[in-house]
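Chemist: Kindly return the folded structure for what I paste below:
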Amino acid sequence: MLDIKFVRENPEIVKENIKKKFQDHKLPMVDRVLELDEKNRAAITEASTLRASRNSLSKQIGMLMGQAKKDPSKLEEAEKVKAQVKENAERLAELEKLEDAYAEEIHKLMLNIPNIIDPSVPIGPDDSANVEVQRFGEPVVPDYEIPYHTEIMEKLNGVDMDAAGRVSGNGFYYLMGDIARLHSAVLAYARDFMINKGFVYCIPPFMIHGNVVEGVMSQTDMDAMMYKIEGEDLYLIGTSEHSMIGKFIDQIIPESSLPQTLTSYSPCFRKEKGAHGIEERGVYRIHQFEKQEMIVVCKPEDSMQWYEKMWRYSVELFRSLEIPVRQLECCSGDLADLKVKSCDIEAWSPRQKKYFEVCSCSNLGDAQARRLKMRVKGEDGKIYLPHTLNNTVVAPPRMLIALLENHYQADGSITIPEVLQKYMGETKVLIPNK
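Modeler: Numbering: from 1, shown residues only. Predicted structure coming up:
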């Protein structure tokens, strides 16, 4: 969410940014915000004037009532002033209601005006305009066929989609045996990987209040993702970033404690409303999964350095698992409204002979901080807004697909990367059932 002062002083920049994000339907929102802001400031000024006059009029009434004992004509004058005070009070009450109404409408509109994107972001309408920046590792297509990931899992007695369908419906799964163990191993390795990078490990709440949801994501994303608990002001998190950034709501953070570098584990729950254009079978796009996340809260001047570090951590982790990846810069039209800059890390799929998304790294500037009223107190005593960033460490369903495909052997066995073996009881190979 932008600062209203910035919108007031730079309306054309805000409009140009909306055009770059191919959201021209939002252009009238800027003019409406400016109109409401002008009315709101006029109401505030008039209300302040009325409040200031209240004391002087009250004193005047007292003086006139005192004089009325000697001069009865002063009583009539006092009554006129009393009538003026009453009229002013009624107008003040009216203005206070108008201020609330204006502020509420301005807030709703501001929640829908996108954040100013970084100048380095490529311009394009949707993900088809995302730009490959660089590749890490050589993508290989073996000379033998690689089955679909659920077929690989089934040969290892590692997944039961049918039972999950009977119990919960589509978009759920049972992971079993060595596949379930591999899933946990990936999460444990990712946790330790981030701890070794200096991040503090955290397990956050898996449900959050509505004001936190509003603070961490756009309305469009919320409608498409979040499950609400019926009868409660609680939502199931779609990623631990939601509750981890929410941890700082209404807080003043000492500058000396920055940067806050946290890595969190959680289950994630998503409606996946409107999902299309990708493989829907198996465990690629599901309603429930587990994930290790990284979150940074830092000084504004440090956020781009952290952005670079964070996506490179993802590359390093995937390469340590012997999985080729590439970095894909997200274009303007593919950025969620709160994001200043974002990139995806995509893993190589030798079965599909293409890359697919496994991590998403984002710099949100001060948008979440402003929504959540997160502030930093500098050593000079000044208060300012921090920047927030997040990135996927691993989301094992997709990680499992990349891992299984890139480590699938001609005989159907799966080699376990060396860094995972200690989490698998020193198992080096998974052998399928004959």
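Chemist: and stretch 383-398, how far out from the chain's middle?
Modeler: 8 Å (Cα atoms, centre = their mean, to the nearest Å).
Chemist: Also stretch 295-303?
Modeler: 15 Å.
Chemist: Now do that stretch: everything it contacts.
Modeler: Stretch 295-303 has contacts (Cβ atoms under 8 Å, 6 or more residues apart in numbering) with 240-241, 244-245, 248, 253, 255, 258-264, 306, 310, 363, 365-366, 369, 374, 376, 384-390. Every C-beta, even on glycine, is put in place using the N, C-alpha and C of the backbone.
Chemist: lowest confidence element among the helices and strands of this protein?
Modeler: Ranked by mean pLDDT, DSSP states H and E, the weakest helix or strand in the chain is helix 219-225, scoring a mean of 76.
Chemist: Buried residues of that one, list them for me.
Modeler: 222, 224, 225 (16 or more other Cβ atoms under 10 Å).
Chemist: any idea which helix or strand comes after it?
Modeler: Counting by DSSP states H and E, the element after helix 219-225 in chain order, helix or strand, is strand 227-228.
Chemist: Show the average pLDDT along that following strand.
Modeler: Averaging pLDDT along strand 227-228 yields 93.
Chemist: likewise stretch 18-27?
Modeler: pLDDT averaged over stretch 18-27 gives 97.
Chemist: What are the buried residues along that stretch?
Modeler: 18, 20, 21, 22, 23, 26.
Chemist: for stretch 157-177, same thing?
Modeler: 158, 159, 160, 161, 164, 171, 172, 173, 175, 176.
Chemist: Report the contact partners of the residue nearest to residue 39 when sequence neighbours are not counted.
Modeler: Spatially, and ignoring its direct neighbours in sequence, residue 39 is nearest to residue 102 (5.8 Å; Cβ to Cβ, 6 or more residues apart in numbering). Applying Cβ under 8 Å, 6+ apart to residue 102 gives the contacts 36, 37, 39, 40, 43.
Chemist: Kindly provide the distance from residue 102 to residue 42.
Modeler: Distance, residue 102 to residue 42, by Cβ to Cβ, to the nearest Å: 10 Å.
Chemist: got it, and residue 282?
Modeler: From residue 282 to residue 42 the distance is 59 Å (Cβ to Cβ).
Chemist: And the two? Which one has more around it.
Modeler: Using other Cβ atoms under 10 Å as the criterion, residue 282 and residue 42 rank with residue 282 on top: 19 against 13.
Chemist: What's the local residue count around residue 100?
Modeler: 12.
Chemist: And the next helix or strand past the strand or helix carrying it?
Modeler: Assigned by DSSP H and E, residue 100 belongs to helix 73-112. Per DSSP H and E, the first helix or strand lying C-terminal to helix 73-112 is strand 131-136.
Chemist: Tell me which residues are up against the helix or strand that comes right after that next one.
Modeler: For strand 131-136, the succeeding helix or strand toward the C-terminus, using DSSP H and E, is helix 149-155. If you take Cβ under 8 Å, 6+ apart as the criterion, helix 149-155 is touched by 146-147, 159, 161, 175, 179, 281-284, 351, 400-401, 404-405, 408, 412, 414, 432-433.
Chemist: From residue 156, how far off is residue 364?
Modeler: Residue 364 is 40 Å from residue 156, by Cβ to Cβ.
Chemist: Tell me the one of the buried residues of stretch 18-27 nearest residue 358?
Modeler: residue 21 (24.9 Å; Cβ to Cβ).
Chemist: and the closest one, what does it touch?
Modeler: 114, 117, 332, 333, 335, 337.
Chemist: ok, 10 Å please
Modeler: 114-115, 117, 121, 123-125, 331-337 (Cβ atoms under 10 Å, 6 or more residues apart in numbering).
Chemist: before we move on, what about residue 432?
Modeler: 152-158, 178, 409, 411-414.
Chemist: Can you select the buried ones from those residues in PyMOL?
Modeler: Only the buried entries of the contacts of residue 432 go into this PyMOL selection, using 16+ other Cβ under 10 Å:
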select buried, resi 152+153+154+155+156+158+178+412+413+414
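Chemist: would you turn the contacts of residue 432 into JSON lines with pLDDT and distance to residue 9?
Modeler: Formatted as JSON lines, those follow (pLDDT from 0 to 100; distance: Cβ to Cβ, whole Å):
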{"residue": "152", "pLDDT": "95", "distance to residue 9": "57"}
{"residue": "153", "pLDDT": "95", "distance to residue 9": "56"}
{"residue": "154", "pLDDT": "94", "distance to residue 9": "61"}
{"residue": "155", "pLDDT": "95", "distance to residue 9": "63"}
{"residue": "156", "pLDDT": "95", "distance to residue 9": "61"}
{"residue": "157", "pLDDT": "94", "distance to residue 9": "64"}
{"residue": "158", "pLDDT": "95", "distance to residue 9": "58"}
{"residue": "178", "pLDDT": "96", "distance to residue 9": "60"}
{"residue": "409", "pLDDT": "97", "distance to residue 9": "62"}
{"residue": "411", "pLDDT": "95", "distance to residue 9": "67"}
{"residue": "412", "pLDDT": "95", "distance to residue 9": "64"}
{"residue": "413", "pLDDT": "96", "distance to residue 9": "64"}
{"residue": "414", "pLDDT": "97", "distance to residue 9": "58"}
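Chemist: Including distance to residue 217, could the contacts of residue 432 go into a markdown table?
Modeler: Formatted as a markdown table, the contacts of residue 432 follow (distance: Cβ to Cβ, whole Å):
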| residue | distance to residue 217 |
| --- | --- |
| 152 | 34 |
| 153 | 32 |
| 154 | 36 |
| 155 | 39 |
| 156 | 37 |
| 157 | 38 |
| 158 | 33 |
| 178 | 36 |
| 409 | 42 |
| 411 | 45 |
| 412 | 42 |
| 413 | 42 |
| 414 | 36 |
